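Participant: Predicted coordinates and the sequence they were generated for:
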Amino acid sequence: MAFVSAVAVLALLVSADGSVGPSTNASFCTESKECLEYELVCKTDEYEVRHYSPTRWVSTDAEAYFMGVGAAMAFRRLFQYITGANDAGVHMEMTAPVLVKIPEETRMWEPTIYTLSFPLPAAYQDQPPAPTNDKLYFTEMPEMDMYVRSYGGWMLSVTSRLHAHLLVKELERVKAPYNCSFHYGVGYDSPLKLLNRHNEVWYVAEGEPVCKDPQEPTPAHIPRPIPTHMIADSPSDPLPHTLSDSPSLIPSNLSSNETSNSSSLLPSDAPAVPPSQPPANLSSDPTSSQPPPSTLISLDPATNSSDVVSVSPSLAPQPDADSWNSTDRSSVDTEVKPDDSH
């Protein structure tokens with residue numbers, strides 16, 4: 001009979017060690033010797049799913065308008081219990097995390113009941129000493145899966161609600177079933193720790209936990225394909241709105257081999273033609289040229305008269321050859337004709 005009892009006690013201790021264990025098992029649990037252990041089921045960018053074994057906790061309720069006020073009152077009672085306010089008068093090591101059960105529906109003009117809980121050390125999971133304060137009681141948490149979101153800083157009422165809202169938003173987006181009547185605010189650090197604090201928000205998963213996003217987004221670095229009909233319908237390079245917008249019409253972009261062809265586009269930039277030689281591309285017979293359907297009225301700088309100048313298919317103005325020759329010869333003869341008086 002004694003052997004059977006010893007085996008039963010050993011089995012309870014082994015099961016207790018599976019739920020509360022050394023703090024070295026969790027990198028963020030550094031303020032206490034023992035921490036609540038868990039098994040990581042899966043993890044996403046927004047949350048992770050943990051599996052917790054059955055655990056016994058010591059709990060108390062506090063009624064307050066703000067979570068911080070209620071948590072402070074409840075924490076004082078629980079701390080007194082682990083420091084000797086129990087029927088055995090034993091002192092227990094502080095364990096982590098500290099759980100605050102927060103109802104989802106709260107009213108600003110009514111106080112809210114917050115439940116604060118400490119996980120019992122592994123040595124007292126089976127038979128914990130009874131508390132001397134009647135406001136304390138033991139809570140048996142069953143085996144369950146949790147949706148967990150972590151954050152730093154201080155666990156305040158505002159920050160806890162904010163991260164709870166972000167977790168709920170993500171769970172609803174992936175259509176993950178959870179208990180929406182309450183959530184847990186979870187703290188791992190003492191109030192004296194200022195840096196590298198770790199806090200969490202827990203929601204109890206209902207049914208099979210969801211870890212995979214049903215709608216995987218396209219990575220940002222992969223360009224979205226353009227439909228082929230949009231490419232076919234897209235216009236080619238638009239025509240320039242001004243002369244300066246067209247690089248092919250700017251004289252600085254013209255090569256020396258294209259000067260004779262492109263100079264007709266800009267008459268003012270055309271190279272000087274020797275007076276005694278008419279342009280090769282102009283006919284000496286004025287009657288042989290037929291004016292095209294469209295003509296251009298230009299002002300002759302030599303005579304100050306406006307003449308009709310034919311426009312070739314290349315849109316280049318072509319002045320009358322005889323007027324060019326007569327004007328140029330007369331001007332040259334005037335300059336080089338010797339004076340008879342001398």
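Facilitator: Thanks, I have the structure now. Residues are numbered from 1 along each chain as shown.
Participant: The longest strand seen in the chain pairs with which strands, parallel or anti?
Facilitator: Using DSSP state E, we find that the single longest strand of the chain is strand 55-64. Here strand 55-64 is paired, per DSSP bridges, with strand 112-119 (antiparallel), strand 136-141 (antiparallel).
Participant: If you count neighbours, what's buried in the longest one?
Facilitator: If I follow you right, that is strand 112-119. Across strand 112-119, burial judged by 16 or more other CB atoms under 10 Å covers 112, 114-119. All C-beta atoms are positioned from the backbone trio N, CA, C, and that covers glycine.
Participant: Export those residues as a markdown table, with columns for pLDDT and distance to residue 162.
Facilitator: Converted to a markdown table, those look like this (pLDDT from 0 to 100; distance: CB to CB, whole Å):
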| residue | pLDDT | distance to residue 162 |
| --- | --- | --- |
| 112 | 93 | 17 |
| 114 | 96 | 17 |
| 115 | 98 | 21 |
| 116 | 98 | 20 |
| 117 | 98 | 22 |
| 118 | 98 | 25 |
| 119 | 97 | 26 |
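Participant: For these, please prepare TSV with the additional fields distance to residue 161.
Facilitator: Output for the buried residues of strand 112-119, formatted as TSV (distance: CB to CB, whole Å):
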residue	distance to residue 161
112	12
114	13
115	17
116	17
117	19
118	23
119	24
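Participant: thinking again about what came up before, tell me the mean pLDDT for whichever helix or strand comes after the longest strand of the chain?
Facilitator: Elements were assigned by DSSP states H and E; along the chain past strand 55-64, the next helix or strand is helix 67-82. For helix 67-82, mean pLDDT is 95.
Participant: Report the angle between helix 67-82 and strand 55-64.
Facilitator: On the basis of axes from the mean of the first three to the mean of the last three CA atoms, to 10 degrees, helix 67-82 is oriented at 130 degrees to strand 55-64.
Participant: Residues touching helix 67-82, excluding its own?
Facilitator: With contact meaning CB atoms under 8 Å, 6 or more residues apart in numbering, helix 67-82 is reached by 58-64, 91-94, 98, 100, 102, 112-118, 131-133, 135-136, 156-157, 160, 185.
Participant: after that helix comes which helix or strand?
Facilitator: Using DSSP H and E, the helix or strand that follows helix 67-82 towards the C-terminus is strand 95-96.
Participant: Give the other helices and strands that that next one contacts.
Facilitator: strand 34-36, strand 112-119 (3 or more CB pairs under 8 Å, 6 or more residues apart in numbering; DSSP states H and E).
Participant: Give me the buried stretch members for the longest strand of the chain, please.
Facilitator: Buried residues in strand 55-64, counted by 16+ other CB under 10 Å: 55-62, 64.
Participant: of those, closest to residue 143?
Facilitator: Among the buried residues of strand 55-64, residue 55 lies closest to residue 143 (CB to CB), at 9.1 Å.
Participant: ok, now which ones touch residue 140?
Facilitator: By CB under 8 Å, 6+ apart, residue 140 lies in contact with 54-57.
Participant: Format these as CSV; extra columns: distance to residue 70 and pLDDT.
Facilitator: Formatted as CSV, the contacts of residue 140 follow (distance: CB to CB, whole Å; pLDDT from 0 to 100):
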residue, distance to residue 70, pLDDT
54, 27, 96
55, 22, 96
56, 22, 97
57, 17, 98
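Participant: can those residues go into a markdown table with extra columns for distance to residue 74?
Facilitator: Shown next, in a markdown table, are the contacts of residue 140 (distance: CB to CB, whole Å):
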| residue | distance to residue 74 |
| --- | --- |
| 54 | 23 |
| 55 | 18 |
| 56 | 18 |
| 57 | 12 |
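Participant: Mind picking the one among those that's closest to residue 177?
Facilitator: Taking CB to CB as the measure, residue 177 lies nearest residue 54 of the contacts of residue 140, at 21.4 Å.
Participant: Residue 142 is in contact with the closest one, correct?
Facilitator: Yes: contact between residue 54 and residue 142 holds when scored by CB atoms under 8 Å: they sit 5.6 Å apart.
Participant: quick one: which of the two has more around it?
Facilitator: Higher neighbour count among residue 54 and residue 142: residue 54, with 14 against 9, using other CB atoms under 10 Å.
Participant: Past the lowest-mean-pLDDT helix or strand in the chain, which element shows up next along the chain?
Facilitator: Using mean pLDDT, DSSP states H and E, helix 2-17 stands out as the lowest-scoring helix or strand of the chain, at a mean of 38. Next along the chain after helix 2-17, taking DSSP H and E as the criterion, comes strand 20-22.
Participant: so what does that following strand touch, helix or strand wise?
Facilitator: Packed against strand 20-22, as judged by 3+ CB pairs under 8 Å, 6+ apart, are the following elements: strand 34-36.
Participant: Need the contact partners of stretch 163-179.
Facilitator: Residues outside stretch 163-179 that contact it (CB under 8 Å, 6+ apart) are 46-47, 102, 147, 149, 151, 180, 183, 185, 199, 201, 203-207, 209-210, 212-214.
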